[in-house]
Structures are given as C-alpha cells and as structure tokens.
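*Asks:* here is a sequence with its predicted model. Questions after.
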Amino acid sequence: MPRSRINGNFIDKTFSIVANILLRIIPTTSGEREAFTYYRDGMSAQSEGNYAEALQNYYEAMRLEIDPYDRSYILYNIGLIHTSNGEHTKALEYYFRALERNPFLPQAFNNMAVIRGEQAIRQGDSEIAEAWFDQAAEYWKQAITLTPGNYIEAHNWLKITGRFE
C-alpha cells in the first residue's frame, strides 16, 4: 500500500487528497501519476526521517519522471537527504544536477553555499578556505538574485566580508 494512503498526519492526508483530485482533473499520463505518487511518498518518508525509504521512492520517481523541471525537485530532495546524512560531496552533486534542469532553485544555491562555507571553516589551509568562501559567496549571490529579500543572513555575510557587489 502506498505510504500516502497509510500516513496518519492530517496535513499529509489533506495534501494527498488535494493532489489526487488535481491528478484526476489535470491531464496526465499514468507514468506521470505514478512518478508523482513515488515523489509524494518520498517526501512523506523524508519528513519522518525515513531517509532510506525516501531515497527508494525518489529513485523510482526519477526512473518514471520525464519532465526536467519535476526531476529537478526530486534531485534537490535527494541532495537534502545526503546533506542531512553528512554526505556533502554527494549532496553537492545532486544540487548541481537539480540546477542543470532548473536554474531557478535558490534553495539549492543556498544549500551549496552552506556546505562550502562549512567545509571552508573546517579547512586547515587558509588559501583553500578562502577559495571555498568565495565559492559560497557566488552561490549566495545567485540565491539572492533569484529571491531578493530572502537569505538575509547570507546577504549580511556578503556585505561584512566585502563579497557583495
């Protein structure tokens, strides 16, 4: 039985009902509906911290989904799981892949900047750390350009460090 049918959370149930109604109204193929079901189940598992189950659902959704825009969100969510698991290299790979399909994901740029910033802080070599801070700054600039008014802390950091143009 799909996770979306057994989840007891009121918000998840409401989302599932609305999503099912939309899937009936909007013309979609059976493959698109199935991909969305796996994506929705992946989000549900992810929100509960069941990352292995979420990844299985996301990979299945990727197998079925053909729309690049929709695939970008699946890839982004896979990146989130790898970030949560401390697998930063894998996370960066998935954020890059998401941005290749949808360059308007400010949250992916933000997460990449945070990862690079954390890596820079842990870096023993100040030259490498500075290069990673510069890379983080570029990611934050892209996120801020896409969503002005968001990422206030990043904006302030860019100003304080002289990286804001």
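*Replies:* Perfect, I can see it now.
*Asks:* and the contacts of stretch 156-165?
*Replies:* Identification of contacts with stretch 156-165 by Cβ atoms under 8 Å, 6 or more residues apart in numbering yields Phe133, Asp134, Ala137, Trp140, Lys141, Ile144, His155. From N, CA and C alone the C-beta is placed, and that goes for glycine too.
*Asks:* switch the cut-off to 6 Å
*Replies:* Ala137 (Cβ atoms under 6 Å, 6 or more residues apart in numbering).
*Asks:* check which helices and strands the strand or helix carrying Ala61 sits against.
*Replies:* Applying DSSP states H and E as the criterion places Ala61 in helix 51-64. For helix 51-64, the packing partners by 3 or more Cβ pairs under 6 Å, 6 or more residues apart in numbering; DSSP states H and E come out as helix 30-47, helix 68-84.
*Asks:* can you list those helices in JSON lines and add mean pLDDT and mean neighbour count?
*Replies:* Shown next, in JSON lines, are the helices and strands packed on helix 51-64 (pLDDT from 0 to 100; neighbours: other Cβ atoms under 10 Å):
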{"stretch": "helix 30-47", "mean pLDDT": "91", "mean neighbour count": "19"}
{"stretch": "helix 68-84", "mean pLDDT": "97", "mean neighbour count": "20"}
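*Asks:* out of those helices, nearest to Phe109?
*Replies:* With Cβ to Cβ as the criterion, Phe109 lies closest to helix 68-84 of these, at 10.8 Å.
*Asks:* could you look up the next helix or strand downstream of the closest one?
*Replies:* helix 88-101.
*Asks:* that next one packs against which elements?
*Replies:* Going by 3+ Cβ pairs under 6 Å, 6+ apart, helix 88-101 lies up against helix 68-84, helix 106-122.
*Asks:* send me it as CSV with only the CA atoms.
*Replies:* Below are the C-alpha coordinates for helix 88-101, written out as CSV (Å, rounded to 0.1, in the frame of the first residue of the first chain):
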residue,chain,number,x,y,z
HIS,A,88,28.3,16.7,1.4
THR,A,89,30.1,15.6,-1.8
LYS,A,90,27.0,13.6,-2.9
ALA,A,91,24.7,16.4,-1.8
LEU,A,92,26.6,18.9,-4.0
GLU,A,93,26.4,16.5,-6.9
TYR,A,94,22.6,16.3,-6.6
TYR,A,95,22.2,20.1,-6.1
PHE,A,96,24.2,20.6,-9.3
ARG,A,97,22.1,18.1,-11.2
ALA,A,98,18.9,19.8,-10.0
LEU,A,99,20.2,23.2,-11.1
GLU,A,100,21.1,21.8,-14.6
ARG,A,101,17.4,21.1,-15.0
